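>>> sequence-free structure coming up:
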């Protein structure tokens, strides 16, 4: 969630305010010293070259800021193998998640939670445990499956996805019902226009619309550009041999996605050809958050598993390999063909 510096502030002004806030927090904890300010997306950073210390304040999407903070620190003090890295989060819950992820690295950074004008060491959250799904919705799950829709259990909700894109959700209130549409706003609009349609007909209508756009023949359509990490995961579940697996099953992210436009890396769990556990994390774009997300998923679902971070070939970047190698139990980064470019 956004911190005290409102997101509506002009970006330049906001960066200045965040920088001043970080300086105050660091001075309050470590005293005054010669430090250089730096730009960190969605936050601010400080470097104290004399002591090889770096501080990163993450205000936006703090629960997925660890990878970016580690890479920023490495670039700020190149060659400083003993650099001391501090990651500061405005949100206590996000700080707990990042502290849990940080412990998975060979040289874990210190993670701090902000309390007013002071900092406190973040207490690592326990490994993520998925919430149970709703009861009494078997008929709706069967309807989704009968129409070839991927059924996912995510954070206590049943979601129906087409090539990874959410097109339906089981909503439980006084009764259970299926709402269709791409995300909450589309579901609301669909209900206003087609509210009298029976669930099977409503679902078929949305599938037809999404199938036309979310295909290799229209990769740049509005629906084709959304949630591509999820589309890639669906592709790998269908073709697990691409990442050296024999079977893969999607699992929910260890942090809550911000919505259908979220580019959050997502994971699947299964076995390789020899029956050994494997966790595969799909990411699109040069995403430094993919490695902490994958390591966190491994901790939650299969702590002894091999971890593979799967990315499109054009997104294979040394920075991601660097993070994967920095884990206590290193991961493999593998380039894979993407479904939106298949013919």
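All right, it came through fine. Because the structure is predicted, anything quoted here is derived from the model rather than measured.

>>> what segments of the stretch 201-343 of the chain are helices?
In the stretch 201-343 of the chain, the segments counted as helices under DSSP state H, counting those that start in this stretch are 222-225, 228-238, 290-301, 318-326.

>>> list the contacts of residue 162.
Residue 162 makes contacts with 149, 150, 207, 210, 211, 214, as judged by Cβ atoms under 8 Å, 6 or more residues apart in numbering. Yep, even glycine has a C-beta here, placed from its N, CA and C like the rest.

>>> hmm, try it at 10 Å
By Cβ atoms under 10 Å, 6 or more residues apart in numbering, the contact list for residue 162 reads 147-150, 168, 182, 206-207, 209-211, 213-214, 223, 231, 234.

>>> quick check: PyMOL command selecting the buried ones in the residues you listed.
Buried residues among those (16 or more other Cβ atoms under 10 Å), as a PyMOL selection:
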select buried, resi 147+149+150+168+182+206+207+209+210+213+214+223+231+234
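
>>> out of the contacts of residue 162, which is nearest to residue 10?
Proximity to residue 10 was ranked across the contacts of residue 162 by Cβ to Cβ; first place goes to residue 182, at 31.7 Å.

>>> give me the neighbour count for the nearest residue to residue 77 once chain neighbours are set aside.
Spatially, and ignoring its direct neighbours in sequence, residue 77 is nearest to residue 83 (4.7 Å; Cβ to Cβ, 6 or more residues apart in numbering). Per other Cβ atoms under 10 Å, the neighbour tally for residue 83 reads 19.

>>> rewinding a little: can you tell me which of the contacts of residue 162 is nearest residue 199?
residue 168 (9.0 Å).

>>> least trustworthy helix or strand in the chain by mean pLDDT?
The weakest-scoring helix or strand in the chain, judged by mean pLDDT, DSSP states H and E, is helix 183-194 (a mean of 80).

>>> which helices and strands does it pack with?
strand 165-172, strand 176-180, helix 199-213 (3 or more Cβ pairs under 10 Å, 6 or more residues apart in numbering; DSSP states H and E).

>>> nearest to residue 68, of those?
strand 165-172 (25.5 Å).

>>> other SSEs contacting the closest one?
Applying 3+ Cβ pairs under 10 Å, 6+ apart, we find strand 165-172 packed against helix 138-146, strand 150-154, strand 157-162, strand 176-180, helix 183-194, helix 199-213, helix 222-225, helix 228-238.

>>> now do the fourth one: which elements does it pack against?
Under the contact criterion of 3+ Cβ pairs under 10 Å, 6+ apart, the helices and strands touching strand 176-180 comprise helix 138-146, strand 157-162, strand 165-172, helix 183-194, helix 199-213.

>>> the same query, at a cut-off of 7 Å, please.
Packing partners of strand 176-180 (3 or more Cβ pairs under 7 Å, 6 or more residues apart in numbering; DSSP states H and E): helix 138-146, strand 165-172, helix 183-194, helix 199-213.
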